[in-house]
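[1] Quick one: sequence and predicted model below, then my questions.
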Amino acid sequence: MNNIKALSKTATLALALTGFAIIAAPLATSLSYADDVEGHKSVKVNVPKLGQIERLGKSDFEDNCAACHGENAAGTSNGPSFIDPIYRPAHHPDAAFVRAATKGVQAHHWNFGNMPVPGEIKKYELARIIAYVRALQRANGVQ
């Protein structure tokens, strides 16, 4: 009888751990980090083939965002990488990017300080930037 109880406890634990793994797996990514830049890691980003909107978004990103968030959103010592599970759409929907670009953001997931409003970004540019960032995220397992 004790063997059955022990087996039951083991099976319950195994099922619980399997359930956790199934839930946590989509959150995990195989990010590869480059050398620290003044204590902040930048991510090595796999860049997918981009469609027309995403290519325009890449250009808009380079003009408006890359100084802080790095080439291909890899991050710098001035701003975080968007190729991180914290920025997945379920946690930071597109509206969060819109708010950040139009109102700025108080630091809450990083130690870079508050993000000021980056300047005037037109709505259509912002939509293209988001499309580009989401394409990069999907290509790098952030979904």
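    Thanks, I have it.
[2] domain assignment for this structure?
    When the chain is parsed with automatic domain parsing, its domains come out as 1-29, 31-139.
[3] what's the least confident stretch among those domains?
    Lowest mean pLDDT within the domains of the chain: domain 1-29, a mean of 41.
[4] May I see the domains of the chain organised as CSV, with mean neighbour count added?
    C-betas here are computed from N, CA, C, even on glycine. Below are the domains of the chain laid out as CSV (neighbours: other C-beta atoms under 10 Å):
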stretch, mean neighbour count
domain 1-29, 10
domain 31-139, 16
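[5] can you give me the end-to-end distance of stretch 70-82?
    Start-to-end span of stretch 70-82 (C-alpha to C-alpha, to the nearest Å) is 9 Å.
[6] how much distance is there from it to the middle of the chain?
    Relative to the chain's own centre, stretch 70-82 is displaced by 10 Å; criterion: C-alpha atoms, centre = their mean, to the nearest Å.
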